[in-house]
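**Q** just the structure for this:
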Amino acid sequence: MNIETVQRWVFAVILIHIGGSPTAALAAYAPHMEQVKHSTGVGLWIMSGVVGLATTAGVLLIHQRSLFSPWLILGVIPMATSAFFVF
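**A** Predicted coordinates for the structure are as follows:
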C-alpha cells in the first residue's frame, strides 16, 4: 500500500474520533438540556449537526472526494437520532 494512502486513512480515523466524540456527546446531552430550557437543548442539537457535518466533510476532503456526496448523511445521524427526544 502507498504511504500517502496510509497517511490519509490514519488522519481520517483520527478526525473521525476527534469530531465524532463531541458530535455524539452533544446529541446525547441535548435532550437532557431540553428539559431544563428548550432553547439550550435545540442549540446543542444544532451544534451536533454542524460538528457532524464538518467532520464528515473533513473526511471527504482528506480522501479527495466531492463534498456533494451521500456520505454527508452520516454526519447528521446523531442529530437525527436525538431529534426524536428533543422535539
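
**Q** C-alpha only now, for contacts and for neighbours.
**A** Will do.

**Q** what's the pLDDT at the most centrally placed residue in the chain?
**A** In the chain, the residue lying closest to the centroid (Cα atoms, centre = their mean) is residue 52, at 1.6 Å. Residue 52 is assigned a predicted lDDT (pLDDT) of 94.

**Q** which ones are touching the residue nearest to it when sequence neighbours are not counted?
**A** Distances taken as Cα to Cα, 6 or more residues apart in numbering place residue 75 nearest to residue 52, at 4.2 Å, with adjacent residues excluded. Going by Cα atoms under 8 Å, 6 or more residues apart in numbering, residue 75 touches 49, 51, 52, 53, 54, 55, 56.

**Q** just residue 41 next, same as before
**A** 29, 30, 31, 32, 33, 34, 35, 86.

**Q** also residue 31?
**A** 41, 82, 85, 86.

**Q** tell me the one among those nearest to residue 12.
**A** residue 82 (24.9 Å; Cα to Cα).

**Q** ok, for the closest one, nearest residue in space, not its chain neighbours?
**A** residue 27 (5.6 Å).

**Q** ok so, going back, show me the contacts of residue 31 that map onto strands.
**A** Counting by DSSP state E, none of the members of the contacts of residue 31 fall within strands.

**Q** could you pull out the strands in the protein for me?
**A** Under DSSP E, the chain gives no strands.

**Q** lowest mean pLDDT among the helices and strands of it, which one is it?
**A** One helix or strand of the chain scores below all others by mean pLDDT, DSSP states H and E: helix 77-86, with a mean of 89.

**Q** which positions in that helix come out as buried?
**A** With burial defined by 16 or more other Cα atoms under 10 Å, the residues of helix 77-86 counted as buried are 77, 78, 79, 80, 82, 83, 86.

**Q** what sits against the fifth one?
**A** I take that to be residue 82. 27, 28, 30, 31, 45.

**Q** which one of those residues is nearest to residue 62?
**A** Nearest member of those to residue 62, counting by Cα to Cα, is residue 27, at 24.8 Å.

**Q** all helices of this structure, in order?
**A** 3-36, 38-62, 77-86 (DSSP state H).
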